[in-house]
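S.K.: Structure here, sequence nowhere to be found:
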Ligand SMILES: O=c1[nH]cnc2c1c(-c1ccc(Br)cc1)cn2-c1ccccc1
């Protein structure tokens, strides 16, 4: 293990001082987890909260318990408490405003306190400190705090000098922020926010590649256009790097559907590889018509390798740029219960049925899979979905059209779609196996800055009509 020459023990050594107590309960990956603090660094409107929320959602989905501590939210709580400052305007963020400085120190302290409690009580393995952290002094404070607690520290700095991207951020996120909502007009809010950035810029000290080279960090430049990585330690940090390298701004629209009704669906049998029923065929035809009318440019279809899914996607060859078949999209393997009805399973395997009822996410069928296993084999699919090129967050962000790639339609199965949709909607893992994904329903997912918008199109095979509703997953 290299001991850094420049200054005291490296982060790695500091954290080994702490008795390592965190082990994953799931048993899937038996890594011993050292508590990690991911420290965001960057001027306002550099996507720190965007990265924090997205990273948090991904790590939780991958079974690494994570929580974001946003100092801005603590400040707003502090302000309403002392309501001395009316609306956190640009003046509030200027260094010479004594009272404001006190409020900011106090809110940073409270955030660190809660962060520490979260990691110390093993509620979580990773804490993300979402704040500007733009001076060496502030970062030194955080490092000392982590050192004495034996937490591993990892910095993610977002550097961005592309005015289009910053503009998209201010337009899409800042003008709706609680700091301005109902206080001033969008135009005024935008101006005030630009001044706020200037106030921070005066004192901004980017992570110093020389003087801070003993730290573990990644510099993300211009929304993931390029990266600089330094001293990556351990499992969690390598997962973070891998993820950041695969996300950019926002994937374009993604469509999801289960296969049409199959013979086994009608017999209430699990799994298998049965073909579509006549209703299932009707759904496949309706899907082809839907995408003809939806006029989606260069649609890409990702389909499982089960017959019922391949048949559902058959009609799309005419409207899709291309169709590819992923084994990773195959239905959860029910092992010894494949082909049985739910009734058979209850009668033959009462103990298995009880175990599954108690913990449906971690329960693994004998000679089969658990939901946790499906989540693990879906990771390459999620990365590829994130890698799809991006629709701008708002009109102000133009990407030259030849860069824009298609939308994706995923044709898969109930358990698999529960796992994928749980990722996009930040659903807790213990609720994941109960998400409602009905047959003959096409789900359109439109990603937004911090959330995603869902539209459900249900096809009625007997009456041959679609009905649409916007809303959330049940
Ligand atoms: O680097 C930015 N600078 C300004 N804004 C930004 C970013 C990123 C961003 C950063 C790193 C990575 Br890997 C991917 C995206 C996202 N956003 C964003 C834009 C609009 C709304 C919400 C967030």
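M.R.: All right, it came through fine. Quantities reported herein were computed from a predicted structural model and do not represent experimental measurements. Residues are numbered from 1 along each chain as shown.
S.K.: from here on, contacts and neighbour counts on C-alpha atoms
M.R.: OK.
S.K.: where do the strands sit along the stretch 251-400 of the chain?
M.R.: 254-258, 299-303, 320-325 (DSSP state E, counting those that start in this stretch).
S.K.: What angle do strand 299-303 and the first one make with each other?
M.R.: Okay, so that is strand 254-258. Interaxial angle, strand 254-258 versus strand 299-303 (axes from the mean of the first three to the mean of the last three C-alpha atoms, to 10 degrees): 40 degrees.
S.K.: Show me what strand 254-258 is packed up against.
M.R.: When contacts are defined as 3 or more C-alpha pairs under 8 Å, 6 or more residues apart in numbering; DSSP states H and E, strand 254-258 sits against strand 408-412, helix 414-424, strand 441-447.
S.K.: Walk me through which strands it pairs with, and which way each runs.
M.R.: According to DSSP bridges, strand 254-258 forms sheet pairs with strand 408-412 (parallel), strand 441-447 (antiparallel).
S.K.: Pick the most deeply packed of those.
M.R.: strand 408-412 (a mean of 26; mean count of other C-alpha atoms under 10 Å).
S.K.: returning to that earlier point: want to try a markdown table for the strands of the stretch 251-400 of the chain, with mean pLDDT as columns?
M.R.: Shown next, in a markdown table, are the strands of the stretch 251-400 of the chain (pLDDT from 0 to 100):
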| stretch | mean pLDDT |
| --- | --- |
| strand 254-258 | 96 |
| strand 299-303 | 94 |
| strand 320-325 | 91 |
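S.K.: quick revisit: which of the strands paired with strand 254-258 sits closest to the ligand?
M.R.: The ligand lies closest, by C-alpha to the nearest ligand atom, to one member of those: strand 441-447, at 11.1 Å.
S.K.: Give me the longest helix you can find in the protein.
M.R.: In the chain, ranked by residue count with DSSP state H as the criterion, the top helix is helix 98-120.
S.K.: from memory residue 233 sits against residue 216, does it?
M.R.: Yes. Between residue 233 and residue 216 there is a contact under C-alpha atoms under 8 Å: 7.2 Å.
S.K.: which of the two has more neighbours?
M.R.: Using other C-alpha atoms under 10 Å, the more surrounded residue of residue 233 and residue 216 is residue 216, with 21 against 15.
S.K.: circling back: mind telling me which of the strands paired with strand 254-258 the model trusts least?
M.R.: Per-stretch mean pLDDT for the strands paired with strand 254-258 is lowest at strand 441-447 (a mean of 93).
S.K.: can you tell if that one touches the ligand?
M.R.: No. Against the ligand, strand 441-447 shows no contacts by C-alpha under 6 Å from any ligand atom, the least distance being 11.1 Å.
S.K.: and that strand with helix 414-424, angle?
M.R.: Using the same axes, to 10 degrees: strand 441-447 against helix 414-424 is 20 degrees.
S.K.: need the next SSE after strand 441-447, C-terminal direction.
M.R.: Note on strand 441-447: by DSSP states H and E, the next helix or strand toward the C-terminus is strand 452-460.
S.K.: just the angle between that following strand and strand 254-258, please?
M.R.: Going by the same axes, to 10 degrees, strand 452-460 makes 40 degrees with strand 254-258.
S.K.: How about residues contacting the next helix or strand after strand 452-460?
M.R.: Next along the chain after strand 452-460, taking DSSP H and E as the criterion, comes strand 465-471. Residues from elsewhere that reach strand 465-471 (C-alpha atoms under 8 Å, 6 or more residues apart in numbering): 453, 454, 455, 456, 457, 458, 459, 460.
S.K.: could you say what helices and strands the longest helix of the chain packs with?
M.R.: Using 3+ C-alpha pairs under 8 Å, 6+ apart: helix 98-120 touches strand 66-70, helix 71-82, strand 126-130.
S.K.: Looking at the stretch 201-350 of the chain, which residue is nearest the ligand?
M.R.: residue 223 (3.4 Å).
S.K.: That residue and residue 466: what is the separation?
M.R.: 38 Å (C-alpha to C-alpha, to the nearest Å).
S.K.: which of these two has more neighbours?
M.R.: Set residue 223 next to residue 466 and count neighbours by other C-alpha under 10 Å: residue 223 wins out with 21 against 17.
S.K.: Can you add distance to residue 173 and give the strands paired with strand 254-258 back as CSV?
M.R.: Output for the strands paired with strand 254-258, formatted as CSV (distance: least, C-alpha to C-alpha, whole Å):
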stretch, distance to residue 173
strand 408-412, 26
strand 441-447, 14
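S.K.: And these: which comes nearest residue 239?
M.R.: Distance to residue 239, taken as C-alpha to C-alpha, is lowest for strand 441-447 among the strands paired with strand 254-258, at 22.3 Å.
S.K.: What degree of burial does the closest residue to the ligand within the stretch 351-474 of the chain show, as a neighbour count?
M.R.: The ligand sits closest to residue 449 of the stretch 351-474 of the chain, with a gap of 4.7 Å, by C-alpha to the nearest ligand atom. By other C-alpha under 10 Å, 18 other residues sit near residue 449.
S.K.: Please identify the most buried of the helices and strands packed on helix 98-120.
M.R.: The most buried one of those (mean count of other C-alpha under 10 Å) is strand 126-130, showing a mean of 26.
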